[in-house]
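Undergrad: coordinates only, sequence not included:
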DNA sequence: CATCTGCATGGAAACGATTCCATCATCCTT
DNA sequence: AAGGATGATGGAATCGTTTCCATGCAGATG
């Protein structure tokens, strides 16, 4: 049984029903000037016919698609999910739809998605940039309003505002905390694209007079498998390491699993601090000490920046916070 | 410094550059018939001008927006995030953008988002329905291709296919497992809208000859707070309960926290089974026994259904699986 | 040779909104 | 009372595509 598909009621129908011209209907509906009497008639007709303006017509005429595009590396990662939630929540209050793309932190896929966005004439985009800043050139030239969230592109793209968490501060606090507990051999498990955090890490070590070993900064790709391999590799290769800082919750998860698998006790054998507070950090055994990031806020603020016209600051910095639970202890050599 | 915004190159520009008519360009680019020579000229011109067709123009003409709409209760919930990931991954292979809306499991918000979808002329929608099936009437009448994921609307909407996990089977296996361990007072922590699972739960109990107590089915709203309140309330009010089944991972998280707070040991005092396997279930202390759901698959299959034309089955049922870890033990009275 | 078939082609009409501009009525000012 | 300012109004152009249809040409068929 096929339901008859009814033709969409257009502005023309409303105009006819109200006995006025289409221009008048458009004006009334978008808040232009009109006499009280006409306004009445038009609104009545629109309601009677259950008229909903077509975004398509409007967008074509205005040469822009309403709504905002959002590009994140992985929607399955709690951090990006919360970020997306912030964007969605802000966009909702503006009545704007949000189109999401997953880049997998792959520059090529990112370019592909950017292409789609241009094709859609999206003129407002929030992105966690994965790759090459140069990929954003065509977008900017097309007049798209871009805001970066959670990190900048590299090489950096000037004129694009960014909403960031205070990585530097978070890392410094964490490193100070660990050295305070006596740790000297501290490793950093990073994902590609976290050069900002890595820089903050080595900087903090230097500032505290702790020798920096390049080999203690380990890079993984964005997948769970790669994260696990990196974590397990580090723990096996360097039994002298007594503390690990992970650049994200996927890596933190991998570190916990790898430690458990290799029978390395947390925090007895190694202390662990994870970037990003997630609901399960508290449920974990032991509960994890984390550097909390305001993921939802980052998304919300970025959306505000992209949706509200007006002066746009170059950078909005949001605070990170060290949340101490039970995954760190005093240094005890493992060997 | 303001970058000059360049005018978009249109099909007309290409036609001019290639020395042919616009109709011909359109035909060549969308695979229509044309002589080899013309095709050559057109493609060369298009490439030279870096022409990207505007989705806006096409959509208006074809009276439909490409892409698919996706409505989920909460993108922050790992289950829905994975479901969304499945949808995104399938849609990507079709080159279709995905627009996401969060309903918060609130029928009113759902209606609002449905309104937005219609306004956008989205003609393909995947939804985890929150409320009233009747809210979907206008959408269907507008000729939109809808597929439900993870659950059906109630009252059910005929003619809308659904991709579901085998709740019934999962619940039955779990209940059999618990009764096998000697449990008789088994509670179900449900979220609103999980009547399907609740029915399966009471059904399974009946089939095993265990008396059903209505009071042991507790309902919570979609928020973390509400989930915690429900879990804590249950554990305090009914010290005779020795096993708890939770209808989702948020409720599972709440149950673990509440138990810990109230000094109820898992699995010594109560056994716990959670619906939906999440990465942290293994990291939890104790590791949780769960009913795993193929969230990503559900999303992928739903997207396939909505994107691929052709015969659409009324229901696609995907298997659930009981993953036994360490959160269940033999019955030991708490009192 | 006349006609028919088939194909490539381009002009023009949609699609549904916004917005420019010309028209007209009304009211105020001098 | 004439002129100008103001505000409401509707016709028509526009956005960038697809698609209908008429045209013209080439080759096949009677």
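TA: Received, thanks. The structure presented is a predicted model; accordingly, all values stated were derived computationally and were not measured. Residues are numbered from 1 along each chain as shown, chains lettered A, B, ... in the order given.
Undergrad: which bits of the stretch 1-150 of chain A sit near DNA strand C?
TA: Proximity of the stretch 1-150 of chain A to DNA strand C is confined to A:7-8, A:10-12, A:22-23, A:26-27, A:29-30, A:52-54, A:56-58, A:60-62 under the rule CB under 7 Å from any atom of the strand. Placement of C-beta: from N, CA and C, glycine included.
Undergrad: cutoff 6 Å now
TA: By the rule CB under 6 Å from any atom of the strand, the part of the stretch 1-150 of chain A lying against DNA strand C is A:8, A:10-11, A:22-23, A:26-27, A:29-30, A:53-54, A:57-58, A:60-62.
Undergrad: continuing past the helix or strand of chain A at the bottom of the mean pLDDT ranking, what's the next helix or strand?
TA: Comparing every helix and strand of chain A by mean pLDDT, DSSP states H and E singles out helix A:137-141 as the least confident one, with a mean of 86. Tracing the chain C-terminally past helix A:137-141 and defining elements by DSSP states H and E, one meets strand A:145-149 next.
Undergrad: How about the contacts made by the spatially closest residue to residue A:305 that is not a sequence neighbour?
TA: Leaving aside its chain neighbours, residue A:305 sits nearest to residue A:147 (4.9 Å; criterion: CB to CB, 6 or more residues apart in numbering or on different chains). Contacts of residue A:147 were listed using CB atoms under 8 Å, 6 or more residues apart in numbering or on different chains, and they are A:125, A:126, A:127, A:160, A:161, A:162, A:163, A:302, A:305, A:306, A:312.
Undergrad: one more time with 10 Å
TA: Residue A:147 is in contact with A:68, A:87, A:124-127, A:160-163, A:301-307, A:312, A:316, counting by CB atoms under 10 Å, 6 or more residues apart in numbering or on different chains.
Undergrad: same check, this time on residue A:68
TA: A:87-88, A:90-91, A:94, A:96-100, A:117, A:122-126, A:145, A:147, A:302-303, A:306-307.
Undergrad: Stretch A:232-249 vs chain B: in contact?
TA: Yes: residues of stretch A:232-249 are located near chain B by CB under 10 Å from any CB of the partner chain, namely residue A:249.
Undergrad: Buried residues, that stretch. List them.
TA: The neighbour-count check on stretch A:232-249 (16 or more other CB atoms under 10 Å in any protein chain shown) flags A:232, A:234-235, A:238, A:241-249 as buried.
Undergrad: Reformat those as CSV; add pLDDT.
TA: Output for these, formatted as CSV (pLDDT from 0 to 100):
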residue, pLDDT
A:232, 97
A:234, 96
A:235, 96
A:238, 94
A:241, 95
A:242, 95
A:243, 97
A:244, 97
A:245, 97
A:246, 97
A:247, 94
A:248, 93
A:249, 94
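Undergrad: Could you check how many residues crowd around the closest residue to residue A:44 other than its chain neighbours?
TA: Nearest residue to residue A:44 in three dimensions, chain neighbours excluded: residue A:18, at 7.3 Å (CB to CB, 6+ apart). The burial count assigned to residue A:18 is 22, neighbours taken as other CB atoms under 10 Å in any protein chain shown.
Undergrad: Following the chain onward from the helix ranked longest in chain A, which element is next?
TA: Using DSSP state H to assign secondary structure, the helix with the most residues in chain A is helix A:78-93. The element immediately downstream of helix A:78-93 (helix or strand, assigned by DSSP H and E) is strand A:98-102.
Undergrad: Sheet partners, orientation included, of that next one?
TA: Its sheet considered, strand A:98-102 pairs with strand A:68-72 (parallel), strand B:98-102 (antiparallel) by DSSP bridges.
Undergrad: circling back: among the residues of the stretch 1-150 of chain A next to DNA strand C, who's most crowded?
TA: Per-residue neighbour counts (other CB under 10 Å) across these peak at residue A:54, which has 21 neighbours.
Undergrad: For residue B:140, see how far away the closest residue to it other than its chain neighbours is.
TA: Nearest in space to residue A:54, with sequence neighbours left out and distances taken as CB to CB, 6+ apart, is residue B:121 at 6.0 Å. Using CB to CB, to the nearest Å, one obtains 15 Å as the distance from residue B:121 to residue B:140.
Undergrad: Which one of the two is surrounded by more residues?
TA: The residue with the greater number of neighbours, taking residue B:121 and residue B:140 and applying other CB under 10 Å, is residue B:121; the counts read 21 against 16.
Undergrad: residue contacts, the more buried one?
TA: Contact criterion CB under 10 Å, 6+ apart gives A:8, A:52, A:54-57, B:59-60, B:62-66, B:142, B:144 as the residues in contact with residue B:121.
Undergrad: quick one: residue A:132 and residue A:106, what's the gap?
TA: From residue A:132 over to residue A:106 (counting by CB to CB), the distance is 11 Å.
Undergrad: And the pLDDT for residue A:224?
TA: Confidence at residue A:224, expressed as pLDDT, is 89.
Undergrad: Is it correct that it is in contact with residue A:254?
TA: Yes: taking CB atoms under 10 Å as the definition, residue A:224 is a contact partner of residue A:254 at 6.7 Å.
Undergrad: which neighbours do these two share?
TA: Common contacts of residue A:224 and residue A:254 (CB under 10 Å, 6+ apart): residue B:279.
Undergrad: Those two: who's more crowded?
TA: residue A:254 (25 against 17).
Undergrad: which SS class is the residue of the stretch 201-335 of chain A found nearest DNA strand D?
TA: At 21.4 Å from DNA strand D, residue A:309 is the closest residue in the stretch 201-335 of chain A, using CB to the nearest atom of the strand. Following DSSP: H, G, I helix; E, B strand; the rest coil, residue A:309 is assigned to coil.
Undergrad: ok, it - how many residues close by?
TA: Using other CB under 10 Å, residue A:309 is surrounded by 8 other residues.
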